[in-house]
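Enquirer: Give me a 3D structure for the following:
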Amino acid sequence: MNVPKIPLGDWVDVLVKWVTIAFAGFFAFLTTVIESLLNIIVDVLSVGPPIILIIILTLLVAYTSRWPLGIFTLISLLLIDNLGYWESSVQTIAIVLLSGLLTIIIGIPVGIWSAQRNTVHRIVTPILDFMQTMPAFVYLIPSILFFGIGVVPGIIASFIFAIAPTIRMTNLGIKEVPNDLIEAADAFGSSNSQKLFKVQVPIATPTIMAGVNQSIMLALSMVVTASLVGAPGLGADVYRAVSQIDVGRGFEAGLSIVFIAVILDRISQNLRNPVYENMIKKKIVFSILAVLIIVTAIVTGITKETAVNKDDNSIGAQTDYRMIGIEPGAGIMAQANKAIKDYKLDNWQLAEGSSAAMVAELKKAYDHKKPIIVTGWAPHWMFSTYDLKFLKDPKKSFGAVEEIHTIVRKGLKQDAPGAYTILDQFNWKPADIEKVMVDIKDRMDPADTAKKWITANKDKVAQWTNGAEAGNGEKIKLAYVAWDTEIASSNVIAQVLKQNGYEVRLSQVEVGPMFAGVANGSADGMVAAWLPSTHNEYYKKYKDDFVDLGINLNGTKNGLVVPKYMDIDSIEDLK
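Expert: Here you go, the predicted structure:
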């Protein structure tokens, strides 16, 4: 059908842009509130040595869920501390608790309202269907634009993803209250509020708590996804392990998440009816716990001092002493951390996230002419879209100018000599790749963009295919990381191979799996190895297991990037 495409994506972009501008003040206020609440929770959980919180959680689990689970809690938390994941675990628990608190504050009232008003129920139900079926990653995109990179968009996305069970189960619990009890309450002249709080809510509490329990578990399941936008905790450790193909670290961090999930699940399940309530009344236990939390929060709030004396006019103060990074496994992140050490930028922090999150944060700051420092590389379409500059790097922390290499698996030359020849002869310039990247950024399909560039550059493509045997439908699998440069180059070389008789499959992976895939033969090749610095760690690890065909693009550069409107020229100016 030749029906024009409905520009739904463009409409959504316009709507999000309008919301971002119109409600900027509200989002800033909400960000401040959430960050403040999270800091309070983290401060309370972090008071004293880890053994204090370990003992408290052990006693709480034992009281609510029997002593064997208390012993399990003690052993598992001690193991987490021993493995070095205690700080990350505290961050994760704080994020889950805050997300759970938000679902209770908002979800239970909405569920009650939905149960009492059919019109509200009819409106809320499709919204909940949408929230539960929409991929969680999608929530991160507007969250970055609204709240910036960091923990807040992660909490908001977790809240949206997790709130549905609380609303649904609250609605179900209220509706399942027997009619004869409602009639009895009406007969005794109960007001609507009396009927709700003295009859319906108490009877529906088990169902409501089941919904809260499921919301907490869903919030915990989002910790890895939230790390894509810079949320700290165990999710970031798992994401880092995946990026670096670190099986051991991934297992340790994943096991820590499992332990915390079991602990939070058992506490939330049995909080209403503790196992040992016959020995100690739950009012006494929870009152003591509440007093401890309140007193600790007050004390830490009074005694806590700012670790850094910030000059309001400095670049550091204006950017909150934060550089916006990308994926934790990327080589440029190691270079940025090296720069922090080389230039003794002790007050600065490097925010981990993703390439997409970094670009979104850059766009948000650039549109409002606010200062921002990001990890950047060229070629990249952002240099064509925004007026940017690299900060000078006199200590060479980011190394010299880099090159992008083509790497293939061993045996490809024998299995598909024509494809091997094309990949070996593939070479172009930054100006070429930037044309492709700009079209892709402007929402043109990557494959169509590649075809467009190939049609306009037949002479250059002819040099790549010169002397190459035509394929006969052999399958070629190319791996690439979702950086704009690699999306562009991988799609172009894929289309060239297709036009020469090969069946090409592109697989998007993280940097570590990309190198590992070519090394173990599960991928035939890639055109995305940044050397000698960015991907040096992976190159050294797998260099004996693949074939390096050499450079396909010269003149790449890594470094810290700022908008040109910022009055700063060198990394040394950040001191």
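Enquirer: okay, CA-based contacts and neighbour counts for the rest of this
Expert: Fine.
Enquirer: Wait, a strand at Leu553?
Expert: Yes: the assignment for Leu553 by DSSP: H, G, I helix; E, B strand; the rest coil puts it in a strand.
Enquirer: and it, how many neighbours?
Expert: Counted with other C-alpha atoms under 10 Å, the burial measure for Leu553 works out to 23 neighbours.
Enquirer: ok, what's across the strand from it?
Expert: Taking DSSP bridges, one obtains Ile404, Trp428 as the residues bridged to Leu553.
Enquirer: Spit out the contact partners of it.
Expert: Contact partners of Leu553, counting by C-alpha atoms under 8 Å, 6 or more residues apart in numbering, are Glu403, Ile404, His405, Asn427, Trp428, Lys429, Pro430.
Enquirer: okay, stretch 10-21 in PDB with CA atoms only?
Expert: Listed in PDB are the C-alpha atoms of stretch 10-21, where the atom choice follows Å, rounded to 0.1, in the frame of the first residue of the first chain:
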ATOM      1  CA  ASP A  10       7.500  13.500  14.800                       C
ATOM      2  CA  TRP A  11       4.300  14.400  16.700                       C
ATOM      3  CA  VAL A  12       5.600  12.700  19.800                       C
ATOM      4  CA  ASP A  13       8.900  14.600  19.500                       C
ATOM      5  CA  VAL A  14       7.100  17.900  19.300                       C
ATOM      6  CA  LEU A  15       5.000  17.000  22.300                       C
ATOM      7  CA  VAL A  16       8.000  16.000  24.400                       C
ATOM      8  CA  LYS A  17       9.800  19.100  23.400                       C
ATOM      9  CA  TRP A  18       6.900  21.300  24.400                       C
ATOM     10  CA  VAL A  19       6.400  19.500  27.700                       C
ATOM     11  CA  THR A  20      10.200  19.800  28.400                       C
ATOM     12  CA  ILE A  21      10.000  23.600  28.000                       C
END
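Enquirer: Now that stretch: buried residues?
Expert: Within stretch 10-21, the residues scored as buried using 16 or more other C-alpha atoms under 10 Å are Val16, Thr20.
Enquirer: gap between that stretch and the chain center?
Expert: Going by C-alpha atoms, centre = their mean, to the nearest Å, the spacing between the C-alpha centre of stretch 10-21 and its chain's C-alpha centre is 22 Å.
Enquirer: next one: stretch 196-210
Expert: 36 Å.
Enquirer: model confidence over it, on average?
Expert: Along stretch 196-210, the predicted confidence averages to a pLDDT of 91.
Enquirer: ok, and what's touching that stretch?
Expert: Applying C-alpha under 8 Å, 6+ apart, the set of residues contacting stretch 196-210 from outside is 108, 166, 169-170, 172-174, 176-177, 181-182, 185, 268-269.
Enquirer: which stretches of the protein form strands?
Expert: For the chain, the strands identified by DSSP state E occupy 322-324, 349-351, 374-378, 388-390, 402-409, 475-481, 503-509, 525-531, 546-563, in order along the chain.
Enquirer: for these, which one sits closest to Gly211?
Expert: Closest to Gly211 of the strands of the chain is strand 349-351 (C-alpha to C-alpha; 33.6 Å).
Enquirer: For that closest one, name the packing helices and strands.
Expert: Helices and strands in packing contact with strand 349-351 are listed as strand 322-324; criterion 3 or more C-alpha pairs under 8 Å, 6 or more residues apart in numbering; DSSP states H and E.
Enquirer: if we can go back for a sec, I'd like to know which of the contacts of stretch 196-210 are buried.
Expert: Burial by neighbour count, judged by 16+ other C-alpha under 10 Å, picks out Ile108, Thr166, Met169, Thr170, Leu172, Gly173, Ile174, Val177, Ala185, Ser268, Gln269 from those.
Enquirer: who touches the residue nearest in space to the middle of the chain in this structure?
Expert: Most central residue of the chain, judged by C-alpha distance to the mean C-alpha position with C-alpha atoms, centre = their mean, is Leu228 at 1.7 Å. If you count contacts by C-alpha under 8 Å, 6+ apart, Leu228 has them with Ala236, Tyr239, Glu327, Glu352, Gly353, Ser354, Ala357.
Enquirer: And those residues, which of them are buried?
Expert: If we count by 16+ other C-alpha under 10 Å, the contacts of Leu228 have these buried: Ala236, Tyr239, Glu327, Glu352, Gly353, Ser354, Ala357.
Enquirer: From Ala431, how far out is the fifth one?
Expert: Read that as Gly353. 28 Å (C-alpha to C-alpha, to the nearest Å).
Enquirer: Repeat that for the fourth one.
Expert: The spacing between Glu352 and Ala431, counted by C-alpha to C-alpha, is 29 Å.
Enquirer: so which of the contacts of Leu553 comes closest to Ile56?
Expert: For Ile56, the closest of these turns out to be Ile404, at 52.9 Å, with distances computed as C-alpha to C-alpha.
Enquirer: right, and the closest one touches Thr534 too?
Expert: No: counting by C-alpha atoms under 8 Å, Ile404 does not reach Thr534; the two are 9.8 Å apart.
Enquirer: on that earlier part again, from the contacts of Leu228, which single one is nearest Leu345?
Expert: Each of these was checked against Leu345 using C-alpha to C-alpha; the closest is Glu352, at 17.0 Å.
Enquirer: In contact with that closest one, which residues are there?
Expert: For Glu352, the residues meeting the contact criterion (C-alpha under 8 Å, 6+ apart) are Ser227, Leu228, Val229, Gly230, Ile324, Gly325, Ile326, Glu327, Pro328.
Enquirer: returning to that earlier point: quick check: the two most widely separated of the contacts of Leu553?
Expert: The most distant members of the contacts of Leu553, if one measures by C-alpha to C-alpha, are His405 and Pro430, lying 13.7 Å apart.
Enquirer: more crowded one of these two?
Expert: Comparing His405 with Pro430 by other C-alpha under 10 Å, the one with more neighbours is His405, at 22 against 15.
Enquirer: Scan this structure for its longest helix.
Expert: What stands out as the longest helix in the chain, according to DSSP state H, is helix 86-116.
Enquirer: mind listing what's buried in that one?
Expert: Buried residues in helix 86-116 (16+ other C-alpha under 10 Å): 86-104, 107-115.
Enquirer: same thing with stretch 497-510?
Expert: Result for stretch 497-510 [16+ other C-alpha under 10 Å]: buried residues Leu497, Lys498, Asn500, Gly501, Tyr502, Glu503, Val504, Leu506, Ser507, Gln508, Glu510.
Enquirer: Save these as CSV, and put in pLDDT and distance to Asn213 too.
Expert: Formatted as CSV, the buried residues of stretch 497-510 follow (pLDDT from 0 to 100; distance: C-alpha to C-alpha, whole Å):
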residue, pLDDT, distance to Asn213
Leu497, 96, 52
Lys498, 95, 51
Asn500, 94, 56
Gly501, 94, 55
Tyr502, 95, 52
Glu503, 95, 48
Val504, 95, 46
Leu506, 94, 40
Ser507, 92, 37
Gln508, 90, 35
Glu510, 83, 33
